[in-house]
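**Q** Could you work out the structure for the sequence below:
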Amino acid sequence: MNNSTQKSIKRLSVAILIIGGLTLIYTYVQMISQLWLNNFITPMTWNPEIKGWQIFILAARFVGLTLLFVLCCIFLYRTNKGLKEGEIFPKSNICLIRWTAVVAALLAFVHCNYNAVVKGESELMLDSSVILIPLIVFLFAGLYKMAYLAAKDSKLAI
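**A** Numbers count the residues shown, from 1 in each chain. Okay, the predicted model is just below:
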């Protein structure tokens with residue numbers, strides 16, 4: 001792979017990390033404002049009957065988004081490191097993408113229920129995205145594995 005392509009991928013990785021980091025900070029500020037500041041658009045309404053459910057959804061959103069950002073950082077680091085070493089598709093990213101699918105399923109579930117939890121309503125909602133998003137990410141993990149195997153085969157053929 002030529003040097004200009006590696007530089008382009010590195011620049012794109014930095015841009016992804018900056019945008020992802022800003023989005024993560026915005027989400028943290030939004031959640032903190034909803035929990036502790038009453039001047040937010042939709043402040044948190046605590047319902048004593050479902051307080052455990054509310055805490056679970058809030059904690060899952062916080063942990064899930066943080067974990068998704070960390071997995072993205074690890075993926076980009078391994079990809080750039082692999083490109084420096086001449087490996088286009090590092091094998092370790094396959095498992096990482098699969099774990100990302102699990103985290104994406106959790107976040108899709110949390111996203112479906114977040115607004116009801118903030119309003120203090122005791123509803124459990126499921127959306128098609130809870131199943132569709134992880135399946136798409138698992139599909140990409142399979143495609144990545146096929147690309148890794150193809151790159152490995154072409155390296156052996158040379």
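
**Q** Can you tell me the centre-most residue of the protein?
**A** What sits nearest the mean C-alpha location of the chain, by C-alpha atoms, centre = their mean, is L68, with 3.2 Å.

**Q** ok, now which ones touch it?
**A** By C-beta atoms under 8 Å, 6 or more residues apart in numbering, the contact set of L68 is 100, 103-104, 107. Glycine gets a C-beta too; all of them are placed from N, C-alpha and C.

**Q** And it, how close does it get to D153?
**A** To D153, L68 is 32 Å away according to C-beta to C-beta, to the nearest Å.

**Q** which among the contacts of L68 gets closest to I133?
**A** Using C-beta to C-beta, A104 comes nearest to I133 of the contacts of L68, at 5.0 Å.

**Q** in terms of contact, does the closest one touch L135 like I think?
**A** No - counting by C-beta atoms under 8 Å, A104 sits too far from L135 to count as a contact (9.7 Å).

**Q** Compare neighbour counts for these two and give me the winner.
**A** A104 (21 against 12; other C-beta atoms under 10 Å).

**Q** Now L24. Nearest residue, chain neighbours left out?
**A** Nearest residue to L24, sequence neighbours excluded (C-beta to C-beta, 6 or more residues apart in numbering): F69, at 5.1 Å.

**Q** Any idea how many residues pack against that neighbour?
**A** 16.

**Q** List the neighbours of stretch 101-117 that are in contact with it.
**A** Residues outside stretch 101-117 that contact it (C-beta under 8 Å, 6+ apart): 42, 50, 53-54, 57-58, 60-61, 64-65, 67-68, 71, 122-127, 129-131, 133-135, 137-138, 141.
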